[in-house]
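> Sequence and predicted model, in that order:
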Amino acid sequence: MTAPLPDSVPTVIARLREIEGSGPRSDGVVCFARLYREVTEGVGAVLEQQSAAGARFLERLDVGFAGLFFSALDAYEQGAATVPSAWVPLFAYRSRRGVAPLQFALAGMNAHINRDLPVALVASCKELGLDIFGAAPDHAAFERVDVLLGQVEQRVKGFYLTGWAARVDRVLHRIHRLDDVIAMWDVSRARDAAWTNGRTLWGLRASPELAADFLTALDRMVGLGSRGLLLPADSLLQKVARMV
């Protein structure tokens, strides 16, 4: 049964906590949900510092944005054919052995920011009667979340790449492979691209067929990136252990 879509930031957080508790900590979707929940909790704090207009835009964007992830996950679990290509690698490989938790978290961010965020931007502007080309205050609110995402991303990388968890990961996964994954991902650049792609989709509103073609191409390209992020990073030691 499909869960109802969230209608507020607290309900987004509650759904993410449910997903976190739905599987082991090594599960790929759980890894992403943990990161996403931390970001959303931060968004809740940012909302309190925004003007009324900025807070309205940011909350609508956050809730609609989260709904795209939840809808994709529900569709995949129900075997629907409507799952965006960008999300398929994370869902299909969520139990894949040899993939580090950091890879799962970043693959989820890749799908969500690069594919879903442009869609959520357009939907939010339509709903609130805004013109994305003239939404300077809302873009400022959007950019404040960039800072928040960067902080959370660094905390997550710190957890996965320092301390005892990192020492275990460095035994089980190739150091250079994890370094390659980190080099592939930059949240600030991804959100800059999402804003640009959102403006492109907005500009294509008069040509629905062309807009659909653009989104399909973007979706497939993002899915290809996620597949690259999820290439197994297991070491020779782990490969031997798996064969025993």
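It's in. Given the structure is predicted, the values throughout are model-derived calculations rather than measurements.

> which SS class is residue 231?
Here residue 231 is recorded as coil under DSSP: H, G, I helix; E, B strand; the rest coil.

> again, but for residue 107
helix.

> ok, now how distant is it from residue 196?
Distance from residue 107 to residue 196, counting by C-beta to C-beta, to the nearest Å: 22 Å. For every residue, glycine as well, the C-beta is placed using N, CA and C.

> Between those two, tell me which one has more neighbours.
A direct count of neighbours by other C-beta atoms under 10 Å for residue 107 and residue 196 places residue 107 higher, at 29 against 11.

> gap between that one and residue 140?
For residue 107, the distance to residue 140 equals 29 Å [C-beta to C-beta].

> Could you do residue 16 as well?
Plainly put, residue 16 is 26 Å away from residue 140 if you go by C-beta to C-beta.

> more crowded one of those two?
Of the pair residue 16 and residue 140, residue 16 is the one with more neighbours under other C-beta under 10 Å, namely 24 against 12.

> Backbone dihedrals for that one, both of them.
Residue 16 has phi and psi values of phi -60, psi -40 when expressed as degrees, to the nearest 10.

> how about the closest residue to it other than its chain neighbours, what does it touch?
Nearest in space to residue 16, with sequence neighbours left out and distances taken as C-beta to C-beta, 6 or more residues apart in numbering, is residue 37 at 4.0 Å. With contact taken as C-beta atoms under 8 Å, 6 or more residues apart in numbering, residue 37 is in contact with 13, 16, 17, 20.

> what's the burial count for residue 7?
10.

> which SS class is it?
Under the three-state scheme (three-state DSSP), residue 7 adopts coil.

> hang on, it packs against residue 62?
No: using C-beta atoms under 8 Å as the test, residue 7 is too far from residue 62 to be in contact (11.4 Å).

> for this protein, where's the lowest mean pLDDT among helices and strands?
The helix or strand of the chain with the lowest confidence, counting by mean pLDDT, DSSP states H and E, is helix 236-243 at a mean of 45.

> residues near the nearest residue to residue 71 once chain neighbours are set aside, how many?
The spatial neighbour of residue 71 that comes closest, neighbours along the chain excluded (C-beta to C-beta, 6+ apart), is residue 5 at 7.0 Å. By the criterion of other C-beta under 10 Å, residue 5 has 16 neighbours.

> Model confidence for residue 5, exactly?
Model confidence at residue 5, given as pLDDT, is 81.

> got the contact list for residue 91?
28, 29, 72, 73, 76, 83.

> if I look at the fourth one, how far off is residue 67?
This points to residue 73. From residue 73 to residue 67 the distance is 11 Å (C-beta to C-beta).

> now swap in the second one and tell me
For residue 29, the distance to residue 67 under the criterion C-beta to C-beta works out to 16 Å.

> ditto for the last one
With distances taken as C-beta to C-beta, residue 83 is found 15 Å from residue 67.

> Thanks a lot, see you next time.
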